[in-house]
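*Asks:* I would like the atomic coordinates for the input below:
(one chain, ligands or ions: 1)
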Amino acid sequence: MQIEDTALPGVKLITPRRFGDHRGFFSESYSRKALAEQGIDIEFCQDNHSLSAQVGTIRGLHFQAPPHAQDKLVRCGKGSLFDVAVDIRTGSPTYGQWVGYELSFENGRQLLVPAGFAHGFVTLLPETEIIYKCSDYYAPETEGALVWDDPAIGIDWPLTVDPVLSEKDAVAPGLDGFDSPFTWTPEDAA
Ligand SMILES: Cc1cn([C@H]2C[C@H](O)[C@@H](COP(=O)(O)OP(=O)(O)O[C@H]3O[C@H](C)C(=O)[C@H](O)[C@H]3O)O2)c(=O)[nH]c1=O
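*Replies:* Residues are numbered from 1 along each chain as shown. The predicted structure is shown next:
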């Protein structure tokens, strides 16, 4: 398994090994032990799986606030998507900055999105399925959202069509005036 740092400390790009043969491939898509051996020891408790039928479906930018903040380990089970993490920790040197990567069935890549980061994605193929592990349970009373196209964040979405959005996502607020429930500490830089 390959683990790569990104421009946002804590956000990691993870590529599990695939064993190909005449039948196809086998991959350990998740191993707590393998991650812990590389310093990533998270106790995930909930798996999420969603299907987005249309290209250009954007889900996000979402987060859960403490005490139910979620680390997420995201992968694409079918199709392709551009997965984005945004640093929303007050005081962080990278506050409001984002990283994005194509996760697809083909490339098998995964993105670790720690608590303190908003998460969202846009689909690049029809019938795309996202599967992700969460380190805390769904707690709708703690959910928060930021609007996908906030110029203050400036995500360069690979969009070729008008986005397909939920009603909630279409009216989410921007970063201006956002009172983040997360605070960065120097230990986060470690
Ligand atoms: C997130 C969640 C939702 N739900 C129910 C609530 C709604 O009735 C339905 C759809 O929820 P929502 O429209 O919030 O789904 P997404 O827009 O895909 O939200 C997710 O999108 C981005 C990409 C995320 O990272 C979050 O996990 C999550 O916010 O599923 C549950 O029952 N459990 C859950 O954990």
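
*Asks:* Excluding covalently adjacent residues, which one is nearest to the residue nearest to the spatial centre of the chain?
*Replies:* Among the residues of the chain, residue 119 comes closest to the average C-alpha position under C-alpha atoms, centre = their mean, at 4.4 Å. Once flanking residues are discounted, residue 119 sits nearest to residue 113: 4.7 Å by C-beta to C-beta, 6 or more residues apart in numbering. Bear in mind the C-beta positions are built from the backbone N, C-alpha and C, glycine included.

*Asks:* And the contacts of the stretch of helix or strand residue 119 belongs to?
*Replies:* Using DSSP states H and E, residue 119 maps to strand 117-123. With C-beta atoms under 8 Å, 6 or more residues apart in numbering as the test, strand 117-123 has contacts from 8, 10-11, 52, 54-63, 72, 74, 79-89, 103, 113, 130, 144-146, 148, 157-159, 163.

*Asks:* which ones among these are found in strands?
*Replies:* 52, 58-63, 72, 74, 80-87, 89, 103, 113, 130, 144-145 (DSSP state E).

*Asks:* Check whether the strand holding residue 119 comes near the ligand.
*Replies:* Yes: Strand 117-123 reaches the ligand (C-beta under 6 Å from any ligand atom) through 119, 120, 121.

*Asks:* re earlier: just the buried residues of the contacts of strand 117-123.
*Replies:* Buried subset of these (neighbour count, 16 or more other C-beta atoms under 10 Å): 8, 10-11, 52, 55-63, 72, 74, 79-89, 103, 113, 130, 144-146, 148, 157, 159, 163.

*Asks:* Near the ligand, list only the ones from those residues.
*Replies:* Answer for those near the ligand (C-beta under 6 Å from any ligand atom): 59, 60, 62, 72.

*Asks:* what's the closest of those to residue 180?
*Replies:* Proximity of those to residue 180 (C-beta to C-beta) peaks at residue 62, which lies at 13.7 Å.

*Asks:* Identify the bridge partners of the closest one.
*Replies:* residue 119, residue 145 (DSSP bridges).

*Asks:* contacting residues for it?
*Replies:* 118, 119, 120, 143, 144, 145.

*Asks:* and if you look at residue 61?
*Replies:* Per C-beta under 8 Å, 6+ apart, neighbours of residue 61: 84, 86, 118, 119, 120, 145, 146, 147, 148, 153, 172.

*Asks:* 10 Å instead, please
*Replies:* Residues in contact with residue 61, defined by C-beta atoms under 10 Å, 6 or more residues apart in numbering, are 84-86, 88, 98, 117-121, 144-150, 153, 155, 169, 172, 175.

*Asks:* quick one: contacts for the residue nearest to residue 133 when sequence neighbours are not counted?
*Replies:* Counting by C-beta to C-beta, 6+ apart, residue 44 is the residue found nearest to residue 133 once chain neighbours are left out, at 3.9 Å. Contacts for residue 44 (C-beta under 10 Å, 6+ apart) come out as 30, 32, 35, 70, 71, 72, 73, 132, 133, 134, 135, 136.
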